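S.K.: fold the following and give me the result.
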Amino acid sequence: MKLLDAALKQKVRKALEECADNARKEVIVANFGPRSPTPQECNEQIRDAQGRTLTRAIKLGNDMHRFAFQCAREKLNQLSPGGFSLEPTYLYDVDSGKVKWLSPAEVARIRQRGNLGELKGSLVPDVVLHSGDPAWVQAVYDFKFPCADITYRAAWRNYPSEHPYSGSNQGAMYRKAFNVDEVMLIQPWLGAGL
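M.R.: Numbering: from 1, shown residues only. Next comes the predicted model:
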């Protein structure tokens with residue numbers, strides 16, 4: 001198993017920070033020109049391309065994630081070819097502590113069958129560094145894109161009461177499931193943080 005060294009992790013963090021900065025800049029400029037959206041604009045209800053109602057903040061965040069993923073794919077293919085995954089899906093059994101990586105084909109089959117209950121409680125980090133095998137996770141990163149106020153550090157999302165991981169948050173579950181030290185948020189302008 002190929003272990004990641006501190007120098008490579010630092011290069012990856014810097015690359016992902018650049019991707020987050022560029023994603024925010026591109027999406028905000030395309031939608032608002034040189035200014036940031038106001039809290040009122042972020043909370044506006046809009047319809048997406050599929051006709052679903054959501055807040056502008058969610059739409060902008062989704063757009064920024066798409067841009068950041070494209071950028072991350074390009075940069076990580078140079079830094080760690082074959083040693084990363086974007087939005088991989090893992091099933092985590094809290095009782096046994098076992099983690100199972102699901103291939104994109106397996107996830108697609110589950111979705112096709114319409115049995116989304118099989119994915120309940122799955123962990124889907126934005127970026128995972130691994131040894132070349134997605135089952136051997138070595139670092140986890142999640143992009144966070146606050147809408148209006150980008151001067152405060154975003155927090156890990158807390159799981160709701162009906163969720164299998166209720167009482168915990170994404171970061172804590174990533175640390176527990178993958179047993180790795182490098183679990184970080186990547187946020188525009190503020191960079192990587194815990």
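
S.K.: remind me which residues of the chain are low pLDDT?
M.R.: Applying pLDDT under 70 to the chain flags the ranges 1-3.

S.K.: Tyr92 reaches Leu123, doesn't it?
M.R.: Yes. Look at Tyr92 against Leu123 with CB atoms under 8 Å: they come within range, at 5.5 Å. For every residue, glycine as well, the C-beta is placed using N, CA and C.

S.K.: overlap of the contact sets of the two?
M.R.: With contacts taken as CB atoms under 8 Å, 6 or more residues apart in numbering, Tyr92 and Leu123 have 99, 173, 177 as neighbours in common.

S.K.: what number of residues lie near the nearest residue to the second one once chain neighbours are set aside?
M.R.: It stands for Met173. Distance criterion CB to CB, 6 or more residues apart in numbering; nearest residue to Met173, sequence neighbours excluded, is Tyr165 at 5.2 Å. Burial measure for Tyr165: 18 neighbouring residues, criterion other CB atoms under 10 Å.

S.K.: OK, contacts around the nearest residue to Tyr159 once chain neighbours are set aside?
M.R.: If you skip the residues right next to it in sequence, Tyr159 has Tyr165 as its closest partner in space, 4.4 Å away by CB to CB, 6+ apart. Tyr165 makes contacts with 94, 121, 159, 173, as judged by CB under 8 Å, 6+ apart.

S.K.: for those, give me CSV that also has neighbour count and secondary structure.
M.R.: Written out in CSV, the entries for the contacts of Tyr165 read as follows (neighbours: other CB atoms under 10 Å; DSSP: H, G, I helix; E, B strand; the rest coil):
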residue, neighbour count, secondary structure
Val94, 13, coil
Gly121, 16, coil
Tyr159, 17, coil
Met173, 20, helix
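
S.K.: right, and Pro146 touches Gln187 too?
M.R.: Yes. Counting by CB under 8 Å, Pro146 does reach Gln187; the two are 7.2 Å apart.

S.K.: list residues touching both of the two?
M.R.: With contacts taken as CB under 8 Å, 6+ apart, the residues that reach both Pro146 and Gln187 are Ala154.

S.K.: looks like Arg47 contacts Thr53 (just checking).
M.R.: Yes. Between Arg47 and Thr53 a contact is recorded at 5.9 Å, counting by CB under 8 Å.

S.K.: rewinding a little: ok, now how distant is the residue nearest to Tyr159 from Glu87?
M.R.: Separation of Tyr165 from Glu87 (CB to CB, to the nearest Å): 18 Å.

S.K.: check Val124 too.
M.R.: Relative to Glu87, Val124 is positioned 6 Å away (criterion: CB to CB).
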